[in-house]
Structures are given as structure tokens and as C-alpha cells.
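**Q** My questions concern the predicted model and sequence given below.
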2 protein chains.
Amino acid sequence: MTPPNRRITIKDLAARLAVSTATVSNAFNRPDQLSPALRDRILGEARAVGYLGPDARGRSLRTGRSRIIAVVLADSLTYSLNDAVASEFLAGVAEVLDAHGHTLLLLPSRGGLRLESASMADGFIVYGLLPDPEMHQQLPSQRPLMSVDFDLAGQASVHIDNHAACLTIARHALRHRPSRPAIINLRSTLEPCNGRVIDQPLLSESQTITRVRLTGFHEALSEHHFVPDEVPMWNIEENTFDVCAPVIAEILDLPDDERPDLLLCMSDRIALTVLTLAEQRGLRIPEDLRITGFDGIAEGQYRAPRLTTVRQDSVEKGRVAASMILGLTPRESRLLKTELIVGETAP
Amino acid sequence: MTPPNRRITIKDLAARLAVSTATVSNAFNRPDQLSPALRDRILGEARAVGYLGPDARGRSLRTGRSRIIAVVLADSLTYSLNDAVASEFLAGVAEVLDAHGHTLLLLPSRGGLRLESASMADGFIVYGLLPDPEMHQQLPSQRPLMSVDFDLAGQASVHIDNHAACLTIARHALRHRPSRPAIINLRSTLEPCNGRVIDQPLLSESQTITRVRLTGFHEALSEHHFVPDEVPMWNIEENTFDVCAPVIAEILDLPDDERPDLLLCMSDRIALTVLTLAEQRGLRIPEDLRITGFDGIAEGQYRAPRLTTVRQDSVEKGRVAASMILGLTPRESRLLKTELIVGETAP
DNA sequence: CTGAAAGCGCTTACAG
DNA sequence: CTGAAAGCGCTTACAG
């Protein structure tokens, strides 16, 4: 009898049944390679002794494949898991992986990639701009890699058209001409800045999609005869209520004749924080303040007033990325559609 | 020269440097086992040829450890990733794993466990009640296993005291005596039911924590001289806005003299949906309708009116589960504290 | 301080 | 239809 504590292997099973390990393996993996009777005998014995099937460690070493796909998250795991946009993206990835017998490994990128387990994965999806641009070179170069929401030299990527989306929503918002439009950026400055942006240098368009969004806003402002450089801007370092709140309080607490009456926000999280703080201050939306967001998260739509925003289909983004990494879809860069949602915060 | 396409191994490196594979391995894993000079030479050559370090597949087969911990999610991955409570839990797990050089594998439980990759993991955290109670037997029995928010025979678990928490919040809510209290359950019926619960049999306390919550509500109602069985109950099958909304609309659209004036909800998601739909109908909160939630998610607090609810620290729950599975904390069942949060929906 | 050798559990061409 | 054998990449006692 196999001692209960020891792990049971294909070899044990083969010995008990006086067949070869190849036959046991075939019983699990290639039913056509042995007679049904023998297969039943093997699977029956496996059940009887509590053998759950070939161990993934041996299998992955032998075959070179683990059926694990890693998503490398530029932001911390804590942030990513609590952010609606990132969560939807992951749900889309997981959905496709699951449907094709793969599982999802979550890899943080802070403090260097954790190569030990990373080298387990069959492919990598890098989500969002990595803190260190060289970091992707720490990933096994022979395995498929793709990026989402930013570009990695020579790799396929999935994007939305941030410029067009921002142009569209800003044009919509500006049809009702504001007296004092303003912009709230998300991580757009070269150096961290949580507050008003005056002369701080900004990241370039190739460095962050939020800079591309800014260009879209600016273009629409120009069309409406505002001078983009004169439109006040604030910047926010992390897309969470706690980090947004003080900056937004600063904006809303400006004297009435300085307080913006249109806020173009780079995320729904920012816009929702504006909404909450504005309501607390008794400002009327949209009469006193018009607000636009970006992303189209559920929280912005399942409330009154609903957010005017651009919906990006993050779930679909995840599905596309997963399909490509599994090779179900040709690995080529894709641009996904966005949709203007007109809510009550900027009708 | 190693052909560029072929994976580089410790063996290649050893050959190039005319040392043994043991020494190359030691250069990466046990710096004290070789001279600094030799180590530098090895690591330098590794960098030069693009060798990223020992492959996890070989290592995990040899050592029997992968530094991967799997979280088995009772609900679908899509739901779990988009649910605030589950996301916070995962964030807590990920935080501790990350700090200790481990990574997180997400395993859905629908349609049977995906053993192929599951057998890779060093340990398992099962979150929420599995669809099939026998399912955990499909997990390797030699590796650590623990359950969260439900019990698995003979395994450690992490819980909150749902009974006490619900007793506390219901007592608070009932201090202002309602005319028509009612309860909105979450997945408490034996057969799926999305609507009013009249005679449907309920799950037992050992089957679901929501039944335990119900008992807490009932106890407080009794104390306040209500007859629990006469207090109307509704049930909701999935904790999402879309599934909640029709049931809640049905409740709020009752004639004024039948509509509850206190709704004890088993989750913040339910309570927030009540709030949104009540506001749309022009009901005054809390004058016309008092609402309590459960969970204490951010979305319920970063708004006006804030939800009266019980805060459970899901992040901490994740941290505790991860610490135990890694063996940093003794693997024994734990009961975490909860806290009553008095917001404006039931002052 | 360094190396030769065994073996983790598995799958796969190949031979019979 | 079945089995003997090789080898995936690695680490670890052990010998020198």
C-alpha cells in the first residue's frame, strides 16, 4: 500500500496495475491510445487510491506549457483589484481564459517582476504603463507578450482611440458654452503632482494615454475659441476617492467667480468624486457645474444624476487581449470603439 | 552559439563557462556556496546571453513548490472581480502573497475545478460556498487548504460573526420603530428565487452565512415585539445592480400603505440599489424609507446620504487567509471583528 | 569552493 | 493496443 502521506504518481498507479506509465498517462490524456476496458480499469484504480490526475508540475516541464497566462499589472494589485476599469478588464481576460481551459496568474510589477513564478506562464498580457520601461525584458522573450493601453516595441497591443473619444465628449460638453472650463488630469505630469498644474512639464503622448486625452480636450477647446493653455488644469496621482478628494475640494472651494463651471475629467472615478463633493456643498448639477467623466463604469450610471462620459468596453478589451495571447485571434494591434454616454451631469 | 530561438538553460550556461550546473544554480540561489568572483562571472554571462534565471517549471518539479497560491472562487470570476467585497478580499490576499514572494492564481469553480493548473499551486484558499460540496476533494489533499466565509470539514476558516453583526445593526435600526419593516435576503432560498419569499424553504445556517444573518435580524425583530415570520422578505439571487433592480422596483412600487418603511438589506449593493431607485421615485431618505446595508464598501460611504451598514474588513480577511495558507500564522479558525457604521440612511 | 549524479512527474516518439 | 526509454530544467545531498 502506498503510504497515505506520500503523493501518488503515475508511476505508483502503473506499478499497482502492472502497466506502463505511458499507458496510465494515455488513459488520462489520449483515450484513443488504449482499449476502453483498460482505461476504465486505470481510471477506476486512480479514483480508488485518490489520484487526481497527472501533476501539473511534471506535465508543464515535459510539455513546456502550463495553461497559465499571466497578467502583469502596472499598478499595484491592491489598486488594480479595486478599480472598476481594471476589474472589468481582468474579468474579460478571465472569461476567455476559462472558456479555453487556461487560468489567470496575477503579477504585480512593482519592485521588479517576480520571475520565479512568472516563468511558469505560457504568455503575458501587460496592462498599463510599466513603472520601468525596460521591465518587459525581464519576461521570457520566447513567449507571447502583448500590451494593453500602451505600446511595447514590436508587440501587439489593444487600445481605444483616446484622442477621438476625448474630442467627442469635449465637443459635446462645450456645445453649452461654459464661462470657466477646466480639466482634471490623471497622472499626466512628469513629476508626481496632486493639485493644480501650472508650469509642470507633462508626460508625452507616447508615455501615457492621459496625455493623448488632454490633446483631445485641447483640440475641442480650440474649436470653441478657448485658448487651451489658459484653461486651468489639475492633476491627480491615483484614481481613488481618497486621493482625488482633496484636489477636488480645492477646486470646488474656489470663490464663485473663479470656480470652474465645466470640469472635463479623465476618469469616472474623478468625475464621481466631483459629483459627491459638489452635492455636499449644495452646488446644483448641471446648473452650477457641468461634469464629464471617462470610462463608463457602472457606478456612474446606476445613480442619479448619471454621469456624462465616454464608455470604453473594458471587458471586451480583456477578451480581445486574451484571445490574442492564446492565438485564437491574430496577434495584431487593435483599436476598440468607444461610445459617448450623455447623462445628466452634462446634458 | 546557442541558436537564438532555443530556450537557454542552466546547462547551456554551465557549458559556456565550463562549470557544473550545480554551480550555476548556486549562483542564483545560494550565493554563499561559491566565490563572489565566480558568481559575478556566471551572472554576467547570464545577462549577456539573456538568461533570466532558473525556469519555474524545472524548479517547481524539483522542489515541489511553485510559490503560487490559488484562490478558488465559488462565484464566477466575472462576478467576483466586479464585486467590491470579493475584490477587497483578493487585494488583501495578494498583498500578503506579494510581500512574501508568492503569486496569486485565480481558479473558477464552475464546471468542476480546473485541476490541470490547480495542481501547480502550493496551497488553496476557497472563498465562498462551493456549488458542489464535494468539490474540494478534487484539490490535492496534501497541500494546505482553507475556507473563507464557510466551513470545510476539518479545515481552518476565516469568518466574521454574521449573527452578532446583524443583531447589532437591526437593533440600531429598530430603535426608531418602523411601521412596516422588511428584509431583503441574498441567496437564502433553497431554490433560486428573485422576488418575494412566501413559503419557499430556506437554506440552513450551515449552508449559507446569509441564513445566519437572517437569524440575527429576526432576533432583533423579536426583541422589538415584531413577529419575525410576519415580516415580509424578498430574496435576491445575485449581488449586482441589474439583478437587484427589478426586485427592489417591485418593493418600492407597492402602494404607500404597504411599502416598507425600513429595509434591512443583506449587502451594501442591495442597499445602494434601493437608495438609487428610491431617489428616482422621489422617496425621502430616511423620512419615508430607512435603509441598512451590510459590508461597508467604499461606494456606500463616499456619497450622500451615506449608508448605515456593518463594516467587515474584507481586506483583512484576505490578509489573514493568506498568512495562514503561507504558514505565517497558525492555521486555525478565526472570527474577525465587524463595526456598525451609522450613516444617514438610518440614523 | 566546486562538480558528478540522481531524480522530481510527466509525455512522447518509437518499437513491438 | 501496449511498453521501454529518453529527457524536459532544475536542485540537492554528497564527495572531493
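**A** Great, that's in hand. Every value quoted in this text rests on a predicted model; they were computed, and no experiment measured them.

**Q** so where do the helices sit in the stretch 51-200 of chain A?
**A** For the stretch 51-200 of chain A, the helices defined by DSSP state H, counting those that start in this stretch cover A:56-63, A:77-82, A:84-99, A:115-118, A:162-174.

**Q** quick one: the strands in chain A?
**A** A:68-73, A:103-108, A:123-127, A:145-148, A:156-160, A:181-186, A:195-197, A:233-236, A:262-265, A:290-292, A:309-312, A:334-336, A:338-341 (DSSP state E).

**Q** which outside residues touch the second one?
**A** Spelled out, it's strand A:103-108. Contacts to strand A:103-108, defined as C-beta atoms under 8 Å, 6 or more residues apart in numbering or on different chains, come from residues A:67-73, A:76-77, A:90, A:93-94, A:97, A:113-114, A:117-118, A:120-121, A:124, B:68, B:77, B:94, B:98, B:103-107, B:114, B:117-118. For the C-beta atoms, the positions are set from N, CA and C on the backbone; glycine is no exception.

**Q** Can you select the buried ones from the residues you listed in PyMOL?
**A** Here is the PyMOL selection string for the buried members of the contacts of strand A:103-108, based on 16 or more other C-beta atoms under 10 Å in any protein chain shown:
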select buried, (chain A and resi 67+68+69+70+71+72+73+76+77+90+93+94+97+113+114+117+118+120+121+124) or (chain B and resi 68+77+94+98+103+104+105+106+107+114+117+118)
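
**Q** what residue ranges in chain A are flagged as low confidence?
**A** A:1-6, A:111-115 (pLDDT under 70).

**Q** Show me which residues of it sit near DNA strand D.
**A** Contacts of chain A with DNA strand D, taken as C-beta under 7 Å from any atom of the strand, map to A:18-23, A:26, A:32-35, A:38, A:58, A:61-62, A:64.

**Q** Just the buried residues from those residues, in ChimeraX please.
**A** Buried residues among these (16+ other C-beta under 10 Å), as a ChimeraX selection:
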select /A:19,23,26,34,58,61
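
**Q** Among the residues of chain A next to DNA strand D, name the ones in helices.
**A** Counting by DSSP state H, the part of the residues of chain A next to DNA strand D found in helices is A:21-23, A:26, A:38, A:58, A:61-62.

**Q** just the residues you listed that are near chain B?
**A** A:58, A:61 (C-beta under 8 Å from any C-beta of the partner chain).

**Q** from the ones in helices among the residues of chain A next to DNA strand D, which is closest to A:Ile160?
**A** A:Leu61 (39.2 Å; C-beta to C-beta).

**Q** filter the ones in helices among the residues of chain A next to DNA strand D down to the ones near DNA strand C?
**A** Contacts with DNA strand C within these, counted by C-beta under 7 Å from any atom of the strand: A:21-22, A:26, A:58, A:61-62.

**Q** circling back to that earlier point, tell me which of the strands of chain A sits most buried.
**A** strand A:262-265 (a mean of 28; mean count of other C-beta atoms under 10 Å in any protein chain shown).

**Q** Pull up the pairing partners for it, direction included.
**A** Strands adjacent to strand A:262-265 in the sheet, as given by DSSP bridges, are strand A:181-186 (parallel), strand A:290-292 (parallel).

**Q** coming back round to it: give me whichever of the helices of the stretch 51-200 of chain A is most buried.
**A** helix A:84-99 (a mean of 24).
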